[in-house]
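K.L.:
sequence and predicted structure, then a few things I'm wondering about:
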Amino acid sequence: MTSVHRCRWAENDPLERDYHDSEWGVPQRDPRALWECLMLEGFQAGLAWITVLRKRENFRAAFAGFDPAIVARFTEADITRLLADAGIIRSRAKIEATIKGAQIFCDMESRGESFTDFCWSFTGGTVLRGDGTTQKASAELAERISKELKRRGFKFVGPTIVQAWLQAVGIVNDHSLGCFRRDA
């Protein structure tokens, strides 16, 4: 029997393994899904991704399926509700950042600026392929995108978060050498 080689981070936990095998690094072009992942990466700040992954369905329920048009209209009552929801990460700053991120997303779309086009503009619409060992290419790109997201008013979008997001949504292919998904 031949063993399947994966990125090291996805070798142990079945949920991480399934996420790696089916989602992580697959080029995402849906604007809502790109935004959802960016917001979830923000919730992960200071925590392990598996924590967010285990709560992802709860997040989706709590944040109206990550529909930016709905989340943009969340009020203080919604923030209070979310802070009481044990199924998600209860951080006021991260909740408020998600609401603000939805408002920015909606503002961009209302001005005719596609969030998808914005996200992919940094690589000319193509997947940037890392070398499979250093993740240097995604780190340099993350710095640039982080600055632009912050300039637009997004929060919890530092370079480390943005790098993880770039990898997750497949803008950068940072699957390790030998990983069966690297050439998929």
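P.N.:
That came in fine, so what should we check first?
K.L.:
could you list the low-pLDDT ranges of the protein?
P.N.:
1-2 (pLDDT under 70).
K.L.:
go again using 90 as the cut-off
P.N.:
Residue ranges of the chain with pLDDT under 90: 1-4, 12, 130-140, 184.
K.L.:
show me the strands in it, by range?
P.N.:
Under the criterion DSSP state E, strands of the chain are mapped to 128-129, 172-173.
K.L.:
figure out which of those is closest to K55.
P.N.:
Of all the strands of the chain, it is strand 172-173 that lies closest to K55, at 24.8 Å by CB to CB. From N, CA and C alone the C-beta is placed, and that goes for glycine too.
K.L.:
what lines up beside that closest one in the sheet?
P.N.:
Here strand 172-173 is paired, per DSSP bridges, with strand 128-129 (parallel).
K.L.:
got the contact list for the strand it pairs with?
P.N.:
Here strand 128-129 makes contact (CB atoms under 8 Å, 6 or more residues apart in numbering) with A137, S138, L141, L166, I171, V172, N173.
K.L.:
return the subset of those residues lying in helices.
P.N.:
A137, S138, L141, L166 (DSSP state H).
K.L.:
most surrounded residue in those residues?
P.N.:
Within the ones in helices among the contacts of strand 128-129, L166 tops the neighbour count with 29 neighbours, counted by other CB atoms under 10 Å.
K.L.:
the closest residue to that one other than its chain neighbours: how many residues sit nearby?
P.N.:
In space, L166 comes closest to V172 once its chain neighbours are excluded; the distance is 4.4 Å by CB to CB, 6 or more residues apart in numbering. Using other CB under 10 Å, V172 has 25 other residues around it.
K.L.:
do R54 as well
P.N.:
14.
K.L.:
that one is in contact with D13, isn't it?
P.N.:
No: the pair R54 / D13 is not scored as a contact, 9.3 Å apart, by CB atoms under 8 Å.
K.L.:
which strands and helices lie in contact with the longest helix along the chain?
P.N.:
Using DSSP H, we find that the single longest helix of the chain is helix 92-110. Under the contact criterion of 3 or more CB pairs under 8 Å, 6 or more residues apart in numbering; DSSP states H and E, helix 92-110 touches helix 31-44, helix 68-71, helix 76-83, helix 115-121.
K.L.:
out of the strands of the chain, flag the one nearest E36.
P.N.:
Of all these, strand 172-173 sits nearest to E36, with 18.0 Å by CB to CB.
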